[in-house]
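In: only the shape, not the letters, is given here:
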């Protein structure tokens with residue numbers, strides 16, 4: 001019985017010692033990794049499932065900043081402008097689900113980001129370039 005009591009005290013002491021560290025304010029440093037998802041609207045079951053799955057996975061990675069830019073129903077021109085507006089050094093990974101079936105207009109922006117040294121993942125549809133990861 002005494003051994004259980006000592007174990008219990010040791011367990012409680014360990015938890016209490018670690019509690020202040022767990023409640024410490026977060027650092028103001030930039031996130032370790034910044035991911036941007038560029039997609040054409042958030043409507044549709046597939047796109048919502050993609051977003052939900054990414055958000056579930058990111059629960060386990062608080063060091064990752066995840067941002068979604070959506071062109072709504074404005075089409076590939078809006079998506080092209082949004083991708084081009086991403087400043088150098090602002091992101092570490094770009095995930096693109098191209099708008100529409102005529103996705104030729106998104107290709108120049110994908111190439112520009114890739115040429116900056118940022119990995120680009122293209123989902124759902126082809127892009128008329130070979131310069132993506």
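Out: The structure has been received and is ready for your questions. Here the structure is a predicted model, which is why all the values come from computation and not from measurement.

In: please count neighbours and contacts with C-alpha atoms only from this point.
Out: OK.

In: what bridges to residue 37?
Out: For residue 37, the beta-bridge partners are residue 68, residue 95 (DSSP bridges).

In: thought it was touching residue 79?
Out: No: applying CA atoms under 8 Å as the test, residue 37 and residue 79 come out as separate, 10.9 Å apart.

In: those two: which has the busier surroundings?
Out: A direct count of neighbours by other CA atoms under 10 Å for residue 37 and residue 79 places residue 79 higher, at 27 against 21.

In: helix or strand: which one has the more buried one?
Out: Secondary structure from DSSP states H and E places residue 79 in helix 76-84.

In: helices or strands up against that helix?
Out: Other elements packing on helix 76-84 under the criterion 3 or more CA pairs under 8 Å, 6 or more residues apart in numbering; DSSP states H and E are strand 33-39, helix 107-115.

In: so which of the ones you listed is nearest residue 96?
Out: Across the helices and strands packed on helix 76-84, the minimum distance to residue 96, taken as CA to CA, is reached by strand 33-39, at 4.8 Å.

In: ok, and what's touching the closest one?
Out: Contacts to strand 33-39, defined as CA atoms under 8 Å, 6 or more residues apart in numbering, come from residues 63-71, 79, 83, 90-99.

In: mind doing that once more with 10 Å?
Out: For strand 33-39, the external contacting residues (CA atoms under 10 Å, 6 or more residues apart in numbering) are 47, 51, 54, 61-72, 75-76, 79-80, 82-83, 86, 89-99, 120-123.

In: restricted to buried residues, select those residues in ChimeraX.
Out: Here is the ChimeraX selection string for the buried members of these, based on 16 or more other CA atoms under 10 Å:
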select :47,65,66,69,70,71,75,76,79,80,83,91,92,93,94,95,96,97,98,99,120,122
